[in-house]
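**Q** just coords:
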């Protein structure tokens, strides 16, 4: 039976079931937080949303190309500092970062615009760097991305007149509230979804499974990877800008190995091969950290306070991650996208399944 | 007749209620909220300061408290994490903190201090040595009990020049953190004012480098050898550097910063001699000021160990400063306390008088006992008060 | 100035040897077995901390650290070997057939756990153990200074390299190891006791971690909870630029990184010296772009279609 090519809501929902479900769930959590009116909970949720933007950005490259990048934190650093250059500390900026061009020293860019510009700066940097290193494959590419992170870290730590060096910059406007963070999380998730279901994303995924076959089918692996790299850098850069607007202070050492390992762990534990995996990974690990922190903080049992000893949170986190990896090799989401059952229900005529080939 | 009686009763009743109100208000404690690292890698650095602060609180309470009110300490763990630090500040503020005490390190404590400022409360660092813990950074409600890091370098430059006749110096900076760069900046800035003093060379390394063999070679090749090597670093890299320098047979006297205080790295350089550095106060009980030695005794009595670093005294001093300011302001209202802190009268502490101003919430001159290590043993050798004037520009390391 | 150039060369060889030794341990497991063990840096840290025991006060008790060197080395190596075996049993074996990314994150988690256990047990402050101070003395030959420790490191590295290469080439174990790394399942079908092979490799690399740790501690005298991390990072980088799958390549990679570090530190003008590590990593990227498979590549390594 021939299908009439007409716009159908069910079909639209079905095609986009995954991001809709994910964003819906996140939105519900944010609304709940807004109603709860608890400052600490609010901050925890915003931090998780910022991490979602980062990890979804990371996923756009790592999940689709299969190349593990240890260097994406460099984009976060660039995003954060680009933000500081635009809207930090009006009065002390000329004193702390005198090497900035006059137009930046005198301007204070409104935070929403600054956030977008920061993302763009990060992707420009990724484009330049990517041309050199995207050609590499497998482990060489991963080491090269780490080298990029190390280089950015050293340069930012020592170019005192441009970044105030190892000094902590204070005075970035606190613009990131839960709505702004939610907005960017939603944008990131939909962007990742549209990318991975587009021709570009699909070509890249093919190369992830079998490089030689992809080349034989006419896919230019270099171009596709570069495109993914640049798009992913945009969102990771934005996450840096969000972070700067959240904490109000930034310093170079916050953007190095610790955050790299944490975000990579979130992606892998959630499931490296699916967008849902990226989001679920952030959620699961953020929740785990909070629960463990609370246990160290203590619960009141009658008149006693029961609390776990110091170090429980960190060690518990490590053990929990190991257990999750051992029992769910492909991550919590496996290789599936949340909502594919829903999409089958809404529009069964779409034979396209978002279930990707399982690795054995 | 009746009216007068009723009137007196009413007055008495109102008076009683008012009085009881005052009595109840007097019992409400002054709450100091500690948003500091109780776990994680940074915890050991805050520990001494927190313990010493508690010592000060105990003493003040034993003497009747401040304005007739007891001081109460509440805690929230930053877990050595900046974002968590902000949450810790929120937590103590929610629990009714009148002031927030933050980490002794500016980088770690800034997020917590920012939250306190946003809530309109004073934040006090228990020893940050960065001027940005003040109006030029966190904001006009932030203070620190620390001297500016530049002063440490200046003290060594001046003391070495005057008392040891050191004119030529070689500067070796550990570029990992801002504090190290500030100390060496202070040394150089002070040396500019000393006739005949010269920096014969500079080099850098990074804390954690497995080897500084190149830097050592450069020093060995200096001809003539400098009078002193100024080393701006902290352990573990600092211990490694001194070990490698002495192992290479370089007997030149070494100056360092307060960050090298403590016994924990002595085993790396057996029989170390000719090593000098400033301290806020001596933790070994031989400080020239009895008030400081008294605190060491009381600390030992309460905690069965001496303070780990001289930064502990800054925690004690932070408590003193806040308490005295509240006393002078006769209230815990932020504006009044800030005004009291910024008053040109200054506030006496165990190490001497402290003075803040509207622009400067950190000390820009300081008296340091000079510690010397001879044969692996620590002893206070001398005392020095900095003479070089430091303006805001120099404290931001932007002066030339 | 002639002495100075030679001295720079001598200094470069000395740092290179330390990196080469660290890379050997990483290269054995990562290069040959394709097992990324990001907890290796923490194995190195544990080796040094095994010398002391924590006490209530500020100082620690140096226990094993006071033993004569043969017993010391064996005891410390024993501790790390036990740690390696435990890691193999609890972490690496359950994840054996998982994707490389999962193994990587699993080893991060392991390293994170170890690091935080050290912080809880010993606290975050660095500890000093003045190990073998007599090695700090230098041999001076016509103006050239070479500390005895550096000479020892060079000798130890070359001896261990030789022993390992011989072991891999000439012993049946070595052949089995390379088979297991190429195709784990196939190797098992052919009768290779792959789990034993891999377990043994981890034990050897644990021993190497102990050796690196002790020599590093003899150099710096101070240990801290993350002391092994910079060494490990450079070791991974060096393994890849030296050539995966080749032990000699790993050692060469280590020397290259060491040389680059020292040469840059000695020759860069003062205001650029703080950017030294950035230059080192630029060199790494250049090497990777020019020779993506590494400098010394064993014949079997290139993928053929």
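**A** Sure, I can see it. Computed from a predicted structure; not experimentally measured.

**Q** quick one, what contacts residue B:128?
**A** B:102, B:103, B:104, B:105, B:106, B:109, B:144, B:146, B:362 (C-beta atoms under 8 Å, 6 or more residues apart in numbering or on different chains). Bear in mind the C-beta positions are built from the backbone N, C-alpha and C, glycine included.

**Q** ugh, wrong one, I meant residue B:120
**A** Residue B:120 sits in contact with B:141, B:334, where contact means C-beta under 8 Å, 6+ apart.

**Q** host element of it?
**A** Following DSSP states H and E, there is no helix or strand that holds residue B:120.

**Q** among the contacts of residue B:128, which ones are in helices?
**A** Mapping the contacts of residue B:128 onto helices (DSSP state H) picks out B:106, B:109.

**Q** ok, and which of the contacts of residue B:128 reach chain A?
**A** residue B:106 (C-beta under 8 Å from any C-beta of the partner chain).

**Q** dump the contacts of residue B:128 to TSV, plus pLDDT, distance to chain C and neighbour count.
**A** As requested, the contacts of residue B:128 are exported to TSV (pLDDT from 0 to 100; distance: C-beta to the nearest C-beta, whole Å; neighbours: other C-beta atoms under 10 Å in any protein chain shown):
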residue	pLDDT	distance to chain C	neighbour count
B:102	96	18	36
B:103	94	13	31
B:104	92	14	30
B:105	92	13	25
B:106	93	18	33
B:109	94	16	36
B:144	96	22	31
B:146	94	19	27
B:362	95	25	28
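
**Q** what's the helix or strand for residue C:153?
**A** Here residue C:153 is assigned to helix C:148-170, by DSSP H and E.

**Q** so what does that helix touch, helix or strand wise?
**A** helix C:2-26, strand C:138-141, helix C:172-182, helix C:194-220, helix C:247-267 (3 or more C-beta pairs under 8 Å, 6 or more residues apart in numbering or on different chains; DSSP states H and E).

**Q** just give me how far stretch B:64-81 sits from the chain centre.
**A** From the chain centre to the centre of stretch B:64-81 is a distance of 18 Å (C-alpha atoms, centre = their mean, to the nearest Å).

**Q** gap between the two ends of it?
**A** The straight-line separation of the ends of stretch B:64-81 (C-alpha to C-alpha, to the nearest Å) is 36 Å.

**Q** average pLDDT across it?
**A** Averaged over stretch B:64-81, pLDDT sits at 93.

**Q** can you tell if that stretch touches chain A?
**A** Yes: under the criterion of C-beta under 8 Å from any C-beta, chain A is reached by stretch B:64-81 at B:77, B:79.

**Q** my guess is residue B:316 is in a helix, correct?
**A** Yes: counting by DSSP: H, G, I helix; E, B strand; the rest coil, residue B:316 is part of a helix.

**Q** and for it, the neighbour number?
**A** As a burial measure, residue B:316 scores 32 neighbours (other C-beta atoms under 10 Å in any protein chain shown).

**Q** distance check, it against residue B:389.
**A** Residue B:316 is 28 Å from residue B:389, where distance means C-beta to C-beta, to the nearest Å.

**Q** who are the contact partners of the nearest residue to residue C:21 once chain neighbours are set aside?
**A** Nearest residue to residue C:21, sequence neighbours excluded (C-beta to C-beta, 6 or more residues apart in numbering or on different chains): residue C:157, at 4.6 Å. Residue C:157 makes contacts with C:17, C:20, C:21, C:24, C:251, as judged by C-beta under 8 Å, 6+ apart.
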